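Engineer: attaching a predicted model along with its sequence, questions to come.
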Amino acid sequence: MESSEQKNLREDVLDIILKSYIRYYTIQKDSVPAPFAAQAEFHSHNEQFVLVKKAKIADIDSNEYVYFLLTETLDAQQLVDTAKKAWEDGLSKVKPSFSHRNSDVTLVVVANNFVNGLEKAAKKIRYSKSYSFSFCGWSNFRLLCYETQSKKFACNYHGKDLIKTFKRNGL
């Protein structure tokens, strides 16, 4: 049985992480698809010009959809299922066009315990998609799992840079 102290620890970690996202991301804790505890979205639009605004070279749109999951124990099958849900929900929000550069989907999992073999399973989770042979952009999946008891991480290839964000916030 899970103690309220362990649950509060996961929620405290989530609050610390969300504070690092709040400056650039729109954060939602309500009306978030199950099983996620929170969701964050980032949207960026840039334009490139030559000398004057009428001589526009390019529009560039970049997006990121971040899903946060809190769980007591995380095993490989639960991670695979949750990653698939996050990927599918994130892709449903993508609107490919010639101005679309990328729309990445990120899953951050905070768990009290990892079941053996989770690190290996996390490394194997890879999703990516290109739109019109990358002329209309692409999407990549980033994954980071954090164990509160041992303070260790498990991530996929694209999620390695998220570890720096966690460590900068004292986790």
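Structural biologist: Okay, I see it.

Engineer: mean confidence score for the longest strand along the chain?
Structural biologist: Ranked by residue count and defined by DSSP state E, the top strand of the chain is strand 52-74. When pLDDT is averaged along strand 52-74, the result is 86.

Engineer: other SSEs contacting whichever helix or strand comes after that strand?
Structural biologist: Next in sequence after strand 52-74, counting helices and strands by DSSP states H and E, comes helix 76-91. Contacts defined by 3 or more C-beta pairs under 8 Å, 6 or more residues apart in numbering; DSSP states H and E place helix 76-91 against strand 52-74, strand 100-114, helix 118-124, strand 138-147. Quick note: C-beta positions are derived from backbone N, CA and C, even for glycine.

Engineer: name the residues of the longest strand of the chain that are buried.
Structural biologist: Across strand 52-74, burial judged by 16 or more other C-beta atoms under 10 Å covers 61, 63, 64, 65, 66, 67, 68, 69, 70, 71, 74.

Engineer: sorry, back to before: now the helices and strands packed on helix 76-91 in JSON lines, with distance to residue 10?
Structural biologist: Formatted as JSON lines, these follow (distance: least, C-beta to C-beta, whole Å):
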{"stretch": "strand 52-74", "distance to residue 10": "5"}
{"stretch": "strand 100-114", "distance to residue 10": "5"}
{"stretch": "helix 118-124", "distance to residue 10": "16"}
{"stretch": "strand 138-147", "distance to residue 10": "9"}
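
Engineer: which of those sits closest to residue 13?
Structural biologist: Nearest to residue 13 among the helices and strands packed on helix 76-91 is strand 100-114 (4.9 Å), distances taken as C-beta to C-beta.

Engineer: helices and strands around that closest one, which ones?
Structural biologist: With contacts taken as 3+ C-beta pairs under 8 Å, 6+ apart, strand 100-114 sits against helix 4-21, strand 52-74, helix 76-91, strand 138-147.
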